[in-house]
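1. what follows is a protein structure lacking sequence information:
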């Protein structure tokens, strides 16, 4: 795969990436598949307009297609837990606009670019983060962010790597999400601390409350 940056990855800074829909990405994972559409609708209505539906969620393709048809450009719908390039073909066919992996795989990145998807590969070390950026990641998923050291870790890493756009994910709570933005992240990814058991029980009231708290906290 041909690198999309120069030999010096900081020599030609790119436009800072932002989700047009906002700085929080809700990660939908697991459940029965029965509540995916209701969960997406509740999140979007509460102001969380970037949604990642993972490939280990039942009916993930149908969920992406439904969300894209329902919201169009009013939400940013992507696919998560991409482990094989072929999954990107299915996600693109469903209308996804970005793809997230827990790891760094150049073949997945190449297929994402071919399909016109924003690529957010997972990375944990400065070496991995820079390599992902050199391979053309639109933003790098720093994972698992809380276990790596949280906002303090992110701030230290971004001191020399301030040309990289990062989306910390893993162990981030509704109340501390803003701390990651303050440390230099362009967005944050939240799974179970935000979604809770809504995908399994259909508890949309609790989900709405958490989503509204998240949006208000990030706005501050």
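-> Sure thing, it's come through. Every value quoted in this text rests on a predicted model; they were computed, and no experiment measured them.
2. please count neighbours and contacts with C-alpha atoms only from this point.
-> Noted.
3. could I get the pLDDT score of residue 59?
-> The pLDDT attached to residue 59 in the predicted structure is 96.
4. quick check: the nearest residue to it once chain neighbours are set aside vs residue 95, distance?
-> Once flanking residues are discounted, residue 59 sits nearest to residue 33: 5.4 Å by Cα to Cα, 6 or more residues apart in numbering. Distance from residue 33 to residue 95, counting by Cα to Cα, to the nearest Å: 18 Å.
5. so where do the helices sit in the chain?
-> Counting by DSSP state H, one finds helices in the chain at the ranges 36-46, 60-71, 85-94, 106-114, 126-134, 145-148, 150-158, 177-182, 192-195, 198-201, 204-219.
6. same list (these) but as a markdown table, adding mean neighbour count and distance to residue 100.
-> Compiled in a markdown table, those are given as follows (neighbours: other Cα atoms under 10 Å; distance: least, Cα to Cα, whole Å):
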| stretch | mean neighbour count | distance to residue 100 |
| --- | --- | --- |
| helix 36-46 | 20 | 18 |
| helix 60-71 | 19 | 14 |
| helix 85-94 | 19 | 10 |
| helix 106-114 | 19 | 10 |
| helix 126-134 | 19 | 12 |
| helix 145-148 | 17 | 15 |
| helix 150-158 | 18 | 19 |
| helix 177-182 | 21 | 19 |
| helix 192-195 | 21 | 17 |
| helix 198-201 | 18 | 20 |
| helix 204-219 | 18 | 21 |
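7. residues in contact with the residue nearest to residue 59?
-> By Cα atoms under 8 Å, 6 or more residues apart in numbering, the contact set of residue 33 is 57, 58, 59, 60, 199.
8. same check, this time on residue 63
-> Neighbouring residues of residue 63 by Cα under 8 Å, 6+ apart: 36, 37, 53.
9. nearest spatial neighbour of the second one, skipping sequence neighbours?
-> Spelled out, that is residue 37. residue 63 (6.2 Å).
10. quick check, pLDDT for that neighbour.
-> As predicted, residue 63 sits at a pLDDT of 98.
11. low-scoring stretches of this protein, by residue?
-> When residues are selected by pLDDT under 70, those of the chain lie in 1-22.
12. same thing but at 90, please
-> Residues of the chain that meet the criterion pLDDT under 90 lie in 1-22, 220.
13. residues contacting residue 29?
-> Under the criterion of Cα under 8 Å, 6+ apart, the neighbours of residue 29 are 53, 54, 55, 56, 57, 191, 199.
14. what subset of those residues is buried?
-> When those are checked for burial by 16 or more other Cα atoms under 10 Å, the buried set is 53, 54, 55, 57, 191, 199.
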